[in-house]
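Q: Predicted model and sequence follow; I will ask about them next.
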Amino acid sequence: MKGRVFDVQRFSVHDGPGIRTTVFLAGCPLRCAWCHNPEAFAGEGARLRDVEDVLAEALRDRDYCAASGGGVTVSGGEPLLQAGFVRELLKRARAERLHTCVQTSGAVPEELVRSVEEVVDLFQFDLKHLDGQRHEALTGVGNERLVENARGLAARGACVEFRLPVVPGFTDDDANLRALAAFLTGLGVRALQLVPYQRMYLDKYRALGLAARCAHVEPPSAAHLERVRRTLAGAGVDAAVAG
Ligand code: SF4
């Protein structure tokens, strides 16, 4: 089983609990205006790799990862476009007693989500905008599929950490924050991770010759994040900045 992999980061501490190996898979159906990994959809640097080969890389740090409660995260891009590879890799990681995490936009057919559920300990699921037209303007696709997948995962009792990329002027309007809170509380979810927009990725766009739609956007200040947090708290959702 092979997957199109464009990067593997060892000793990651921001992609789930503990110390982790994060595997970045190429391809994404979205084109988020603020995407930090344009190489994911540009296909730049991606190569076909065997599950065994990627697992062997993760197992180099197995003892550190396992001792910290960490493990393996698959990210992207949209990793569930390669659900067969993800399933096999995470099944093998679990057999090595490593925690497994998938970072997803949720914008994939439901059967792909279901196909990996039994080998995933944690889904980190981005919710960007609850207004379908606005979502399409920001990402190139509507939000129907990801809304249904979020509902399905919650209904089936999967462990899901929902996340909001806080991109000033793009995803943080009050109407979206209130709609997000209503959606989450409707699922019985009371927590949300805030992922602040950062600018470090802009060099990648220059290197790839791509235009960055958010090049003018400044990262949210602490006061800005606090406003977002309070708006969500007022609507019944506890939000915290992702570690
Ligand atoms: S879903 Fe993620 S990888 Fe895909 S375009 Fe959006 S930010 Fe980039």
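A: Sure thing, it's come through.

Q: so residue 26 makes contact with residue 76?
A: Yes. When contacts are counted by CB atoms under 8 Å, residue 26 is listed as touching residue 76 (7.1 Å). In this view, the C-beta of every residue, glycine as well, is placed from N, C-alpha and C.

Q: Which residues of this protein lie near the ligand?
A: Within the chain, the positions lying close to the ligand (CB under 6 Å from any ligand atom) are 28, 30, 31, 32, 35, 37, 40, 76, 77, 78, 105.

Q: quick one: which two of these are the most distant?
A: When those are compared pair by pair using CB to CB, the two farthest from each other are 31 and 76, 12.9 Å apart.

Q: now the chain, which segments are flagged as low pLDDT?
A: Within the chain, the stretches with pLDDT under 70 are 43.

Q: longest strand anywhere in it?
A: The longest strand of the chain (DSSP state E) is strand 2-12.

Q: Which neighbours in the sheet does it have, and how are they oriented?
A: In the sheet containing strand 2-12, its partner strands are strand 20-25 (antiparallel), strand 47-50 (antiparallel), by DSSP bridges.

Q: and the ones you listed, which is most packed in?
A: Each of the strands paired with strand 2-12 was given a mean neighbour count from mean count of other CB atoms under 10 Å, and the largest, a mean of 26, is that of strand 20-25.

Q: which element follows that strand toward the C-terminus?
A: Stepping forward along the backbone from strand 20-25, the first helix or strand reached (DSSP states H and E) is helix 38-42.

Q: just how off-centre is that following helix within its chain?
A: Centre-to-centre, helix 38-42 and its host chain are 15 Å apart (CA atoms, centre = their mean, to the nearest Å).

Q: Show me what counts as buried in it.
A: Neighbour-count burial for helix 38-42, with 16 or more other CB atoms under 10 Å as criterion, is recorded at 38, 39, 40, 41, 42.

Q: any idea which of those residues is closest to the ligand?
A: Distance to the ligand, by CB to the nearest ligand atom, is smallest for residue 40 among those, at 4.6 Å.

Q: surely that closest one meets residue 27?
A: Yes. With contact taken as CB under 8 Å, residue 40 and residue 27 are classed as touching, separated by 6.9 Å.

Q: Between these two, which contacts overlap?
A: With CB atoms under 8 Å, 6 or more residues apart in numbering applied, the overlap between the contact sets of residue 40 and residue 27 consists of 76, 77, 78.

Q: okay, now the last one: neighbour count?
A: Residue crowding around residue 78 was assessed by other CB atoms under 10 Å; the count is 23.

Q: for it, phi and psi?
A: Dihedral angles of residue 78 (phi, psi; degrees, to the nearest 10) stand at phi -110, psi 100.

Q: which residue packs closest to it, ignoring adjacent ones?
A: Of all residues not flanking residue 78 in the chain, residue 28 sits nearest, at 4.4 Å (CB to CB, 6 or more residues apart in numbering).

Q: helix/strand/coil for residue 236?
A: Applying DSSP: H, G, I helix; E, B strand; the rest coil to residue 236 yields a three-state assignment of coil.

Q: Skipping adjacent residues, who's closest to it in space?
A: For residue 236, ignoring the flanking residues on the chain, the nearest one in space by CB to CB, 6+ apart is residue 185 at 4.9 Å.

Q: Enumerate the positions of stretch 189-206 that are buried.
A: By neighbour count with 16+ other CB under 10 Å, stretch 189-206 contains the buried residues 189, 192, 193, 194, 195, 196, 197, 201, 204, 205.

Q: Tell me if the fifth one really is in a helix.
A: It stands for residue 195. No. If the criterion is three-state DSSP, then residue 195 is strand and not within a helix.
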